[in-house]
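**Q** sharing a model prediction with you, sequence too.
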Amino acid sequence: MNERVFKLGTRGSPLALWQAERVKALLAERRPESRIEIEIIHTIGDKILDKPLVQVGGKGVFTKEIETALQEGSIDFAVHSFKDLPTVQPEGLGVVAIPERESPFDALFSRKYKSLGDMPERPVIATGSLRRRAQILALRPEAEVIDLRGNVNTRLKKFEESKWDGMIMASAAIRRMEWEGQSATPLSPAEMLPAPAQGALAIEARLDDESVIELLSSLHDESAAVSVAAERAFLAELEGGCQVPMAAYSVVTGDKVTLDGLVAALNGTPLLRGNLTGLLSESAELGVRLANRLLETGGAEIIESLKELNESKA
């Protein structure tokens, strides 16, 4: 009988391919008998680069075509940047493994400055994220924020050709692409709270494919799973996607997890932030509780105003 070859689906960007190759290498170490082939799938988010994500479709623009391939059986599992994955998976699919998490923080690219506070009056800062935009403007209301799309290589090239004071990207992308020498400074959670599940990978598969689930179990990291569960529950309870600036970051210490979360208006005012600590077994519940606390203290009004704004533009 022929040995099964497992097909790993991924986007074709340099970072996505790095992530897929990393998962393939880890499986080669831990399950050397396995045979893995990488299948590149182009998503709508990769094809439309001249519009902000909020206009393209928000959450799911980097995953829909890949999940369709999973459902149809043309691939066996997929590797995603977890922050790109909608909080609800299509029927029959699920995240079956979360590898050890890379840095969840954002980083500031700048030729001169190490933080947003160091920048001159009216700094020009580039980002494609509403979450980052809101936090930039909360700290520096006079800043000019430039919308930025494209893969990580494209963004770096645009930065090098620009006169921007800074550009903000995920530290994980910088480290995975080995760009630490590009004058990038990690931003603390106090200055820039990350996106839920930033720096984590989600390995998605069909829930009835027991051989794939067993293969991928060797990659699972429970600490990363606990942190991501809290952050993603916070996101899901707020019903957030790319259209709403929100952030969440959790830290596991012993048998406890502490979750920090925020939701903000597009211009950073108001910006609501809070934190809660609970047991590891309560991580998802913690995310729900913190989300509801922020909803009750003004978050619901922020989200409703943003929905009305998006509807008026539709």
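**A** In hand now; what should we look at?
**Q** what about the closest residue to Ser13 other than its chain neighbours, how many neighbours?
**A** Nearest non-adjacent residue to Ser13, counting by CB to CB, 6 or more residues apart in numbering: Asn151, 4.1 Å away. Every residue, glycine included, has its C-beta placed from N, CA and C. For Asn151, the neighbour count with other CB atoms under 10 Å is 18.
**Q** now do the phi/psi pair for Asn151.
**A** phi -70, psi 180 (degrees, to the nearest 10).
**Q** can you list the buried residues in stretch 163-172?
**A** Trp164, Asp165, Gly166, Met167, Ile168, Met169, Ala170, Ser171, Ala172 (16 or more other CB atoms under 10 Å).
**Q** for the third one, report the pLDDT, please.
**A** If I follow you right, that is Gly166. pLDDT, Gly166: 95.
**Q** not counting sequence-adjacent ones, nearest residue to it?
**A** The nearest residue in space to Gly166 (CB to CB, 6+ apart) is Ser110, at 4.1 Å.
**Q** that neighbour touches Ile168, doesn't it?
**A** No: Ser110 sits out of contact with Ile168 when judged by CB atoms under 8 Å, with a separation of 9.5 Å.
**Q** so where do the strands sit in this structure?
**A** 6-10, 36-40, 77-81, 93-97, 106-109, 124-127, 144-147, 166-170, 184-186, 201-206, 246-253, 256-264, 271-279 (DSSP state E).
**Q** ok, which of the ones you listed comes nearest Ala69?
**A** strand 6-10 (5.4 Å; CB to CB).
**Q** can you tell me the strand partners of that closest one and which way each runs?
**A** Applying DSSP bridges to the sheet, strand 6-10 is found paired with strand 36-40 (parallel), strand 77-81 (parallel).
**Q** looking at those strands, which is buried most?
**A** Among the strands paired with strand 6-10, ranked by average contacts under mean count of other CB atoms under 10 Å, first place goes to strand 77-81 (a mean of 25).
**Q** mean confidence for it?
**A** 96.
**Q** report the angle between it and strand 93-97.
**A** Here the directions of strand 77-81 and strand 93-97 differ by 80 degrees (axes from the mean of the first three to the mean of the last three CA atoms, to 10 degrees).
**Q** tell me the domain boundaries of the protein?
**A** 6-100+200-220, 106-186, 233-313 (automatic domain parsing).
**Q** redo these as JSON lines? Include distance to Leu193.
**A** Listed next are the domains of the chain as JSON lines, based on distance: least, CB to CB, whole Å:
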{"stretch": "domain 6-100+200-220", "distance to Leu193": "13"}
{"stretch": "domain 106-186", "distance to Leu193": "7"}
{"stretch": "domain 233-313", "distance to Leu193": "4"}
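**Q** and Pro194, which of those domains is closest to it?
**A** domain 233-313 (5.0 Å).
**Q** which ones are touching the nearest residue to Gly261 once chain neighbours are set aside?
**A** Counting by CB to CB, 6+ apart, Gly261 lies nearest to Ala248, which is 4.2 Å off, once chain neighbours are set aside. By CB atoms under 8 Å, 6 or more residues apart in numbering, Ala248 lies in contact with 193-196, 230-231, 234-235, 259-262, 287, 290.
**Q** just checking, which of the residues you listed belong to helices?
**A** Mapping the contacts of Ala248 onto helices (DSSP state H) picks out Ala230, Glu231, Phe234, Leu235, Gly287, Leu290.
**Q** how close does the third one get to Ala16?
**A** Put plainly, it is Phe234. 25 Å (CB to CB, to the nearest Å).
**Q** neighbour count: the two, which is higher?
**A** The neighbour count for Phe234 versus Ala16, taken as other CB under 10 Å, is higher for Phe234 (32 against 23).
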